[in-house]
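**Q** Sequence below, structure please.
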Amino acid sequence: MKVKICGVKNIHAVKAAVDAGADFIGLMFAESKRRISIEQAKKLATYIPPHVKKVGVFVNPNLRDVLEAVHTVGIDAVQLHGDESPAFCSEIPIPVIKAIHMNGTEDIDKAGRYRTDYYLFDSPGGRYRGGSGMTFDWKLLQEVNIPREKVILAGGLRPENIEEAIQEVKPAMVDVSSGVETNGEKDAEKIQRFIEKAKKEELV
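**A** Numbering: from 1, shown residues only. Just a heads-up that it's a prediction; the model follows:
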């Protein structure tokens, strides 16, 4: 089971994620309380070893902004949470994760219009487009006609429910942000516990 720790803002959070065994780390460039600048991301990237992939998270970016992050920060993948078209996704020269906000079965059909490397299924967005930190009806994904090795589950995951989530959805990767925070900051103990449970569940 791959684990992505999203929305890191400082070196402490990066080190906690790396030390706990994260496979992917998300750097937020979209409007959010976890948003960081390109320069901040470039600095944090120096603390991320090559075996941990750096993901740039955007909402409706232009191609120039994406390419700047690719070349300046060295991101390995792009995660898109807005209204980006399938054609726009195909212009990006590195792997793309298309986020789909799950309101109902029609969103499963929407995902099928994209040809991206991963599909991240998240709860409907709150104030920002990056998700609300709430879970959605995981049963919606039981009929999804997308290879499981491309499915990323997000939205309201935390150490207390990650085992149930993996058993129900059987994704290739799980994505967490607020679920491993305390008072709005990444919590090293929660990150450790989340990753341990996620990877343990894979072995069951």
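**Q** Neighbours of residue 200, how many?
**A** 13 (other C-beta atoms under 10 Å). In short, each C-beta sits where N, CA and C put it, glycine included.
**Q** can you pull the buried residues of the helix or strand of the chain with the lowest mean pLDDT?
**A** Every helix and strand of the chain was ranked by mean pLDDT, DSSP states H and E. The lowest is helix 106-111, at a mean of 87. Judged by neighbour count (16 or more other C-beta atoms under 10 Å), helix 106-111 contains these buried residues: 107, 108, 111.
**Q** What is the nearest of the residues you listed to residue 74?
**A** Nearest to residue 74 among the buried residues of helix 106-111 is residue 111, at 28.1 Å by C-beta to C-beta.
**Q** Surely that closest one touches residue 102?
**A** No - the pair residue 111 / residue 102 is not scored as a contact, 9.3 Å apart, by C-beta atoms under 8 Å.
**Q** ok, residue 139 - contacts?
**A** If a contact means C-beta atoms under 8 Å, 6 or more residues apart in numbering, then residue 139 has residue 168 as its contacts.
**Q** Next one: it from residue 183, what distance?
**A** Per C-beta to C-beta, to the nearest Å, residue 139 is found 33 Å from residue 183.
**Q** Which helix or strand contains the residue most central in space within the chain?
**A** The centroid of the chain falls nearest to residue 175 when counting by C-alpha atoms, centre = their mean (4.6 Å). Using DSSP states H and E, residue 175 sits in strand 173-176.
**Q** picking up where we left off before, what pairs with the following helix or strand past the least confident helix or strand of the chain, and is each one parallel or antiparallel?
**A** Once helix 106-111 ends, the next helix or strand along the chain (criterion: DSSP H and E) is strand 118-122. Strand 118-122 has the following strand partners under DSSP bridges: strand 96-101 (parallel), strand 151-153 (parallel).
**Q** want to throw these into TSV with mean neighbour count, mean pLDDT and distance to residue 161?
**A** Below are the strands paired with strand 118-122 laid out as TSV (neighbours: other C-beta atoms under 10 Å; pLDDT from 0 to 100; distance: least, C-beta to C-beta, whole Å):
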stretch	mean neighbour count	mean pLDDT	distance to residue 161
strand 96-101	23	95	19
strand 151-153	23	96	11
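**Q** so can I have JSON lines of those strands showing distance to residue 10?
**A** Output for these, formatted as JSON lines (distance: least, C-beta to C-beta, whole Å):
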{"stretch": "strand 96-101", "distance to residue 10": "23"}
{"stretch": "strand 151-153", "distance to residue 10": "24"}
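**Q** what about the protein, any weak spots by pLDDT?
**A** With pLDDT under 70 as the threshold, the chain has low-confidence stretches at 125-133, 201-204.
**Q** This structure: strands as residue ranges?
**A** Using DSSP state E, the strands of the chain run over residues 2-6, 24-28, 53-58, 77-80, 96-101, 118-122, 151-153, 173-176, 181-182, 185-186.
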